[in-house]
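Participant: sequence first, then the predicted structure, then my questions.
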Amino acid sequence: MKVQTEVRTLKKGKYVLIDDEPCIITDASHSKPGKHGSAKARLDTVGIFDGKKRSIIQPVSAKIYVPLVERKQAQVISIQGNTIQLMDMEDYSTFELPATAEELPQIKEGEEITYIQSMGRQKFTFR
């Protein structure tokens, strides 16, 4: 799910959709309007799911899509290799997520864990 907003409302830490990939803004800068042009905004971002760096330059009055990113809680049901079976704590649906080698030591059966969901995809988040 996504909503449309103006570029001027975006700040560091917010989310934006670039090339149909939800990204978090790591740096946002605005330039002054020139003699023959409008003010521009430069957004440096990192993809939530792929980790790729992206940047865009748009007029501050341009419309851009912002993804709806939800933080949810889930209980770890089982761990098989690097596949983690989870149960959402709101609607009690079960699903599986792959875990990286860095994430596996932090995940234990029976514990609750936070994950983010956006654009039909999920990912673990550790804070």
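Facilitator: Now that the structure is in, tell me what you want to look at. Keep in mind that this is a model prediction, so the values were computed, not measured.
Participant: contacts only, for the residue nearest the centre of the chain.
Facilitator: When Cα atoms, centre = their mean is applied to the chain, the residue found nearest the centroid is residue 48 (4.0 Å). Residues near residue 48 by Cβ atoms under 8 Å, 6 or more residues apart in numbering: 15, 21, 22, 23, 24, 69, 116, 118, 123. For every residue, glycine as well, the C-beta is placed using N, CA and C.
Participant: just the buried ones from the residues you listed?
Facilitator: Buried residues within the contacts of residue 48, defined by neighbour count using 16 or more other Cβ atoms under 10 Å: 15, 21, 22, 23, 116, 118.
Participant: ok, back up a step: would you turn the contacts of residue 48 into CSV with secondary structure, distance to residue 98 and pLDDT?
Facilitator: Compiled in CSV, the contacts of residue 48 are given as follows (DSSP: H, G, I helix; E, B strand; the rest coil; distance: Cβ to Cβ, whole Å; pLDDT from 0 to 100):
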residue, secondary structure, distance to residue 98, pLDDT
15, strand, 22, 94
21, strand, 18, 93
22, strand, 18, 94
23, strand, 21, 94
24, strand, 21, 94
69, coil, 19, 92
116, strand, 15, 92
118, strand, 17, 92
123, strand, 10, 89
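Participant: quick check, nearest of those to residue 59?
Facilitator: Checking these against residue 59 with Cβ to Cβ, the nearest one is residue 23 at 19.1 Å.
Participant: which strand residues bridge that closest one?
Facilitator: residue 16, residue 47 (DSSP bridges).
Participant: that one and residue 14 touch, don't they?
Facilitator: No. Here residue 23 does not reach residue 14: they are 9.9 Å apart, not a contact under Cβ atoms under 8 Å.
Participant: mind listing what the closest residue to residue 106 other than its chain neighbours touches?
Facilitator: The spatially closest residue to residue 106, leaving aside those adjacent along the chain, is residue 126, at 5.9 Å (Cβ to Cβ, 6 or more residues apart in numbering). Residue 126 sits next to 103, 106, 114 when contact means Cβ under 8 Å, 6+ apart.
Participant: cool, thanks, signing off.
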